[in-house]
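Novice: just coords:
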């Protein structure tokens, strides 16, 4: 489980594993695609590469 702020319904929702529709490894990190409770498809980038990019952006 993880939480997500949906760009369609503008709500912070708890996402369950059953809502995950795809996970793809990329150079930028792990792309997780899932369906929000409102029905909108959402994508989140996670993993070590994504965390390093966020940390670098915060330091800039």
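Specialist: That came in fine, so what should we check first? Keep in mind that what you see is a predicted model, and the values were worked out from it rather than measured.
Novice: just for the chain, where's the confidence low?
Specialist: For the chain, the stretches with pLDDT under 70 are 50-51, 53-60.
Novice: From the centroid of it, which residue is nearest?
Specialist: residue 44 (1.8 Å; C-alpha atoms, centre = their mean).
Novice: Any idea what it is bridged to?
Specialist: Under DSSP bridges, the beta-bridge partners of residue 44 are residue 32.
Novice: what residues are up against it?
Specialist: Shown in contact with residue 44 (C-beta atoms under 8 Å, 6 or more residues apart in numbering): 2, 4, 31, 32, 34. Just so you know, the C-beta spots here come from the backbone N, C-alpha and C atoms, and that holds for glycine as well.
Novice: ok, now how distant is it from residue 9?
Specialist: With the distance defined as C-beta to C-beta, to the nearest Å, residue 44 ends up 15 Å from residue 9.
Novice: ditto for residue 48
Specialist: To residue 9, residue 48 is 30 Å away according to C-beta to C-beta.
Novice: quick one, strands of the chain?
Specialist: Ranges of strands in the chain, per DSSP state E, are 2-5, 12-15, 20-26, 29-35, 41-46.
Novice: Which strands or helices does the third one pack on?
Specialist: Spelled out, that is strand 20-26. strand 29-35 (3 or more C-beta pairs under 8 Å, 6 or more residues apart in numbering; DSSP states H and E).
Novice: coming back round to it: could you flag which of the contacts of residue 44 are buried?
Specialist: Neighbour counting with 16 or more other C-beta atoms under 10 Å marks 4, 31, 32, 34 as buried within these.
Novice: Which one of those residues is nearest to residue 17?
Specialist: Of all the buried ones among the contacts of residue 44, the one with the least separation from residue 17 (C-beta to C-beta) is residue 34, at 9.1 Å.
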